[in-house]
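[1] fold the stuff below for me.
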Amino acid sequence: MTDIVQFIRDLPKVELHLHIEGSLEPELMFALAQRNKIDIPFKSVEEVRAAYDFGNLQDFLDIYYQGMNVLRTEQDFYDLTWAYLTRVAGENVQHVEIFFDPQGHTSRGVAFETVLDGITRALDDGKKKLNVTSKLIMCFLRHLSEEDALQTLAQALPYKDKILGVGLDSSEVGHPPSKFARVFEKARAEGFLLVAHAGEEGPPEYVWEALDQLKIDRIDHGNRSLEDGKLSERIAAEGMALTVCPLSNLKLCVVKDMQKHPLKKMLDLGIKATVNSDDPAYFGGYMNDNYIAVATALGLSKQDILTLARNSIEATFLDDAGKKRLHDNLEAYALKSA
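    Next comes the predicted model:
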């Protein structure tokens, strides 16, 4: 198994499901709290790290929003994004498509432009200094109203050159995709690409709604799609990608045991599954950790790993030239490693 671990570490990768706020490591959270003179209920980095070891969804959300509260200035958002980019560049990640949650910041009095400018300045530097390309996706918080989402979409319209797509995240159960049909229709009309979290904790019906009512281009999570045979067949037939997050699934008890994770079954069904980290600071690891955890638990082969990596490239929102660059790098690695 050591062989497959090294194969994964050296593998050129793409990440398609990453919440930038979820990459806030305890050290940076503590440093930003001090820099911005914000009181947090922790006296040391070690206490912050201990709080990150939560046992349920509510504890996660509590610490997640405490962490978000230290992000105040454009430089804070730059530092957050730059820390993520430097980390994943060291793991051979070559392209990222990251989420940000503006409502989680504007509701605290942080300007939309402050958030966007800090993130995009770091993404620009990531391309220039690290050779990591990127796309940015703005997510709506589904526990808030559609009216709130429509106002957020209006704020994004002047920045279509920076924001490629819109998505839907936060608490899934009780907030079906159909709740956001109007804002997704408007976003589509404005030229945004569309994704949505569906079928993580919510039922397969939510995935049907995301496909048919929101008309999404990619499914985030989608684990519970496998409970519906017709849905699984449709996803496979349409080549619809699923952005799967193994360590997140384990930490939030979407799966109880990594050996029971559905990723291999997805591949066997011909579903375009991909591996991602979700909220890596909170869920136990970045891209290498996610690939290694699921590969070792399920006994994935090098060919399985290559299939997952190819799926990720195919599922990106890059143009043909961008995809070709990534494919060329991956196939050169596959040939060298054969």
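[2] the bottom helix or strand of this structure by mean pLDDT?
    Within the chain, no helix or strand scores below helix 57-68, which has a mean of 84 by mean pLDDT, DSSP states H and E.
[3] flag every buried residue along that helix.
    Within helix 57-68, the residues that count as buried by 16 or more other CB atoms under 10 Å are Phe60, Ile63, Tyr64, Gln66, Gly67, Met68. (C-beta placed from N, C-alpha, C; glycine too.)
[4] other SSEs contacting that helix?
    Identification of packing neighbours for helix 57-68 by 3 or more CB pairs under 8 Å, 6 or more residues apart in numbering; DSSP states H and E yields helix 103-106, helix 280-283.
[5] just the closest of the buried residues of helix 57-68 to Tyr206, please.
    Nearest to Tyr206 among the buried residues of helix 57-68, counting by CB to CB, is Phe60 at 20.3 Å.
[6] so the closest one makes contact with Tyr282?
    Yes: if you go by CB atoms under 8 Å, Phe60 and Tyr282 touch, sitting 6.2 Å apart.
[7] what touches both of the two?
    Overlap of the contact sets of Phe60 and Tyr282 (by CB atoms under 8 Å, 6 or more residues apart in numbering) consists of Phe54, Lys251.
[8] after the least confident helix or strand of the chain, next one along is what?
    Going down the chain from helix 57-68, the next helix or strand is helix 74-89, by DSSP states H and E.
[9] determine the angle, from 0 to 180 degrees, between that following helix and helix 57-68.
    Counting by axes from the mean of the first three to the mean of the last three CA atoms, to 10 degrees, helix 74-89 points 120 degrees away from the direction of helix 57-68.
[10] pass me the low-pLDDT residue ranges in the chain, would you?
    1 (pLDDT under 70).
[11] repeat that with 80
    Across the chain, the ranges flagged by pLDDT under 80 are 1-2, 55-58.
[12] for the closest residue to Arg218 other than its chain neighbours, helix, strand, or coil?
    In space, Arg218 comes closest to Val195 once its chain neighbours are excluded; the distance is 4.6 Å by CB to CB, 6 or more residues apart in numbering. Secondary structure, DSSP: H, G, I helix; E, B strand; the rest coil: Val195 is strand.
[13] ok, which stretches of the stretch 101-250 of the chain are strands?
    Under the criterion DSSP state E, counting those that start in this stretch, the stretch 101-250 of the chain contains strands at 133-141, 165-169, 193-198, 218-221, 241-244.
[14] need these in a markdown table with mean neighbour count and distance to Lys230, can you?
    Below are those laid out as a markdown table (neighbours: other CB atoms under 10 Å; distance: least, CB to CB, whole Å):
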| stretch | mean neighbour count | distance to Lys230 |
| --- | --- | --- |
| strand 133-141 | 22 | 28 |
| strand 165-169 | 25 | 23 |
| strand 193-198 | 25 | 16 |
| strand 218-221 | 26 | 15 |
| strand 241-244 | 26 | 16 |
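[15] Asp79: which of those strands is closest?
    Closest approach to Asp79 among the strands of the stretch 101-250 of the chain is made by strand 133-141 (16.3 Å; CB to CB).
[16] kindly format the C-alpha coordinates of the closest one as PDB.
    Below are the C-alpha coordinates for strand 133-141, written out as PDB (Å, rounded to 0.1, in the frame of the first residue of the first chain):
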ATOM      1  CA  THR A 133      -5.100  27.900 -12.100                       C
ATOM      2  CA  SER A 134      -8.500  28.600 -10.600                       C
ATOM      3  CA  LYS A 135     -12.200  29.400 -11.000                       C
ATOM      4  CA  LEU A 136     -14.400  31.000  -8.400                       C
ATOM      5  CA  ILE A 137     -17.900  29.900  -7.500                       C
ATOM      6  CA  MET A 138     -20.200  31.900  -5.200                       C
ATOM      7  CA  CYS A 139     -22.500  29.900  -3.000                       C
ATOM      8  CA  PHE A 140     -25.900  30.800  -1.600                       C
ATOM      9  CA  LEU A 141     -26.600  29.700   2.000                       C
END
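[17] for it, name the packing helices and strands.
    Packed next to strand 133-141, using 3+ CB pairs under 8 Å, 6+ apart, are strand 93-100, helix 103-106, helix 112-125, helix 146-156, strand 165-169.
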